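Q: Build me a model from this:
(one chain, ligands or ions: 2)
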Amino acid sequence: MPNTATRLRSVDSYRASVAALVGDLPSVRLPVADCRGLVLTEDVTAPISLPPFDNSAMDGYAVRSVDVVGASEDTPVELPVPEDIPAGRTDVVPLLPGTSHRIMTGAPLPPGADSVVQVELTDSGVQRVRVFAPVAVGTHLRRTGEDVREGTVVLTKGTVLGPPQLGLVAALGIAALPVRRRPHVLVLSTGTELVEAGQPLKPGQIYESNSMYIATAVEEIGGVAHVLRFVPDDVNALRATLRPHLADHDVVITTGGVSAGAYEVVKDALQGEGVEFLRVAMQPGGPQGSGRYQGLPVLSLPGNPVSAALSFEIFVRPALLAAMGHTEIDRKRLRARASMAMKSPAGRRQYRRGLYDAGSVQAVPVGGPGSHLLAAFAQSNCLIEIPEDVTEIPEGAEVDLVMLTQR
Ligand SMILES: Nc1nc2c(c(=O)[nH]1)N[C@H]1C(S)=C(S)[C@@H](COP(=O)(O)OP(=O)(O)OC[C@H]3O[C@@H](n4cnc5c(N)ncnc54)[C@H](O)[C@@H]3O)O[C@H]1N2
Ligand code: MOO
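A: Ligands and ions are numbered 1, 2, ... in the order given. Predicted structure coming up:
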């Protein structure tokens, strides 16, 4: 049967298959510093209160409010200063009536004190201090547990750990957290025409770029990418290249070698070995392969750079995010008016690269639909999604956008 007669899989159904193939990653305990962007798998309970002790919110003098009643510029109250309490002083120095201790921000409030006079309202005395204003009980104090009470849940299972959450955990003295671990992704680019940056190009050669896109896109969402470049058009050599890496990766992403040509090394090596090659009703990104090779999920993306990139964006990225335990796996979507007319093939969901302008609420197509237009893609901030049943978008019509700048 000719390739053209092959039935197309819908984008949504293929997306679901890829997500099911990748599955869930296991939960592990990791040092807090390694948890940025990962998803918590258990609630976190505070082992201590925050603040852990009553302390001063200002540099100044710990006093009893009653001792400075009536103080003013003209009638200062003068108190002896028997102790100096910098932050970090760990011995207990009670405050006797009629005295004050010099105290710094974050230092423990001495027992007996009920307020702090900030230094600006005093003469900054060291042996004795003149206080120029009264203070109400509780002024400039940070009470034990005001932020967090020991034993309470501070972060719930499913939370994505960003800097604020990790800062809180550090403040609680927690060293490691239970998280879904990072996906380890083997990125394999194929093609005899591909050379690495730094080498001169011979006629017919191009610089290899897909692995750069895929690896950095994997790392952007918190995965770990290991790049391999595979050159020969030899199926046994490709299988042998994969073999030593199967045990320590969660997913293999290949690019190139999946379409209808005479040298389709990925397809030839993996078809019939657990990986199915098919066409998806998407443009770019029609030819795809997926399945398990020796038990390991393999996603074979088409070689054209924008096809590979959009295949990652539409199929692989949400699957990896879901595997990592994220519930928000989709990019933000917007609607805008098309700045110009566009055509799209019948029966395919087309993703045109575009620039969304929030001011005019317009989507401007950047470059054409071609899957080799890398510069246009790099200048875009969105994809303009043209549905399968739409072949013409008139200028000014509302279109759906997939924003590439935010999740
Ligand atoms: N007769 C047909 N030809 C093609 C069809 C088809 O249905 N019938 N489909 C076209 C579509 S659509 C796509 S997409 C590509 C997919 O081809 P492959 O996955 O086999 O990719 P290659 O042939 O290996 O490469 C395509 C293109 O991309 C360049 N490339 C590949 N890998 C990289 C890389 N790592 N970095 C940079 N550029 C890369 C390669 O040089 C080619 O120009 O097939 C169409 N053809
Ligand atoms: O579907 Mo291919 O991915 O257009 O270039």
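Q: in the stretch 251-400 of the chain, which spans are helices?
A: Assigned by DSSP state H, counting those that start in this stretch, the helices in the stretch 251-400 of the chain fall at 265-270, 305-311, 317-323, 374-378.
Q: residue contacts, residue 213?
A: With contact taken as Cβ atoms under 8 Å, 6 or more residues apart in numbering, residue 213 is in contact with 305, 308, 309, 312. The C-beta positions use only the backbone N, C-alpha and C, and glycine is treated the same way.
Q: so where does it fall, helix or strand?
A: Taking DSSP states H and E as the criterion, residue 213 maps to helix 210-220.
Q: buried residues in that helix?
A: Of all the residues in helix 210-220, those buried under the rule 16 or more other Cβ atoms under 10 Å are 210, 211, 212, 213, 214, 215, 217, 218.
Q: again, but for stretch 135-151
A: Residues of stretch 135-151 classed as buried: 135, 139, 140, 141, 142, 144, 145, 148 (neighbour count, 16+ other Cβ under 10 Å).
Q: I'd say the last one and residue 49 touch.
A: Yes: using Cβ atoms under 8 Å as the test, residue 148 is close enough to residue 49 to be in contact (6.0 Å).
Q: how many neighbours does the closest residue to residue 62 other than its chain neighbours have?
A: Taking Cβ to Cβ, 6 or more residues apart in numbering, and ignoring the residues beside it in sequence, residue 62 has residue 113 as its nearest neighbour in space, at 3.8 Å. Other residues near residue 113 come to 24 when the count uses other Cβ atoms under 10 Å.
Q: next one: residue 47
A: For residue 47, the count of nearby residues is 10 (other Cβ under 10 Å).
Q: Quick check: the gap between it and residue 153.
A: As defined by Cβ to Cβ, to the nearest Å, residue 47 lies at a distance of 12 Å from residue 153.
Q: Measure how far stretch 165-179 is from the centre of its chain, please.
A: The gap between the average C-alpha position of stretch 165-179 and the chain average comes to 17 Å, counting by Cα atoms, centre = their mean, to the nearest Å.
Q: Also stretch 326-336?
A: Using Cα atoms, centre = their mean, the distance from the centre of stretch 326-336 to the centre of the chain it belongs to is 14 Å.
Q: now what about that stretch, what contacts it?
A: Taking Cβ under 8 Å, 6+ apart as the criterion, the residues outside stretch 326-336 that touch it are 39, 158, 160, 317-318, 321-322, 356-357, 361-363, 382, 398-404, 406-407.
Q: Pull out the buried residues from the residues you listed.
A: Buried subset of the contacts of stretch 326-336 (neighbour count, 16+ other Cβ under 10 Å): 39, 160, 317-318, 321-322, 356, 362-363, 382, 399, 401-402, 404.
Q: Can you pick out the ones from these that are in strands?
A: Using DSSP state E, 356, 362, 363, 382, 399, 401, 402 are the members of those that sit in strands.
Q: Taking those together, which two end up most distant?
A: Looking at those by Cβ to Cβ, the two members farthest from one another are 362 and 402, with 15.9 Å of separation.
Q: now the end-to-end length of stretch 72-80.
A: With Cα to Cα, to the nearest Å applied, stretch 72-80 spans 17 Å between its terminal residues.
Q: list the buried ones in that stretch?
A: 76, 77, 79.
Q: among these, which are in strands?
A: Using DSSP E, the members of the buried residues of stretch 72-80 that fall within strands are 77, 79.
Q: where's residue 15, which helix or strand?
A: In this assignment (DSSP H and E), residue 15 forms part of helix 11-22.
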